[in-house]
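*Asks:* below are the sequence and a predicted model; questions follow.
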Amino acid sequence: MNTEQGSKTPPTIFIGRWTPKVLFSLKQRPYRHGQLRRQLGSISQRMLTRTLRNLESAGLIARHVTQSKAIAVEYSLTQLGRTIVAPLGGMCRWAKRYRRKLTAEMRLREAEIG
């Protein structure tokens, strides 16, 4: 693999407010769409659907359809998806730790530009 080429491809799947939250929720157990939406709180149905589709296309979650009296769809982490939970947790801890400094830096940059 050409590492230079790989470094030019950003992991855009992780850009977004809801992606880490969905992954961390699914770390606990599989969820149905409605259960996951309640677990996350203020996410819209459209945004949750979009996030789930993106994560599924990236191979990080699996969509399981079961048929009994009614069709039930459940989402769970794939083996690949489980490997990203710890690194994302580290990034979240880092962001929490340096939130004030990051916010101050962003305000400083905005003041310089505007």
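*Replies:* Everything's here; your move.

*Asks:* low-confidence ranges, this protein, go.
*Replies:* When residues are selected by pLDDT under 70, those of the chain lie in 1-15, 114.

*Asks:* same thing but at 90, please
*Replies:* By pLDDT under 90, the weakly predicted segments of the chain are 1-17, 58, 66-72, 88-89, 91-96, 98-99, 101-114.

*Asks:* this structure: helices as residue ranges?
*Replies:* All helices of the chain, identified by DSSP state H, fall at 3-7, 19-28, 33-40, 45-57, 79-97, 99-113.

*Asks:* and those helices: which comes nearest residue 72?
*Replies:* Within these, the stretch nearest residue 72 is helix 33-40; the backing value is 9.7 Å (Cβ to Cβ). Every C-beta, even on glycine, is put in place using the N, C-alpha and C of the backbone.

*Asks:* buried residues in the closest one, which are they?
*Replies:* Neighbour counts over helix 33-40 (16 or more other Cβ atoms under 10 Å) mark 33, 36-37, 40 as buried.

*Asks:* likewise for stretch 88-104?
*Replies:* residue 88.

*Asks:* please renumber the chain so that the first residue is 640 from this point on.
*Replies:* Fine by me, first position is 640 from now on; the one you just mentioned is stretch 727-743.

*Asks:* buried set for stretch 716-730?
*Replies:* For stretch 716-730, by 16+ other Cβ under 10 Å, it's 716-717, 720, 723-724, 727.

*Asks:* ditto for stretch 699-719
*Replies:* Applying 16+ other Cβ under 10 Å to stretch 699-719 flags 699-701, 713-714, 716-717 as buried.

*Asks:* now the two most distant members of those.
*Replies:* It's 699 and 713 that sit farthest apart of these, by Cβ to Cβ, at 15.2 Å.

*Asks:* quick one on the thing from earlier: return the member of the buried residues of helix 672-679 nearest to residue 656.
*Replies:* Nearest member of these to residue 656, counting by Cβ to Cβ, is residue 679, at 10.3 Å.
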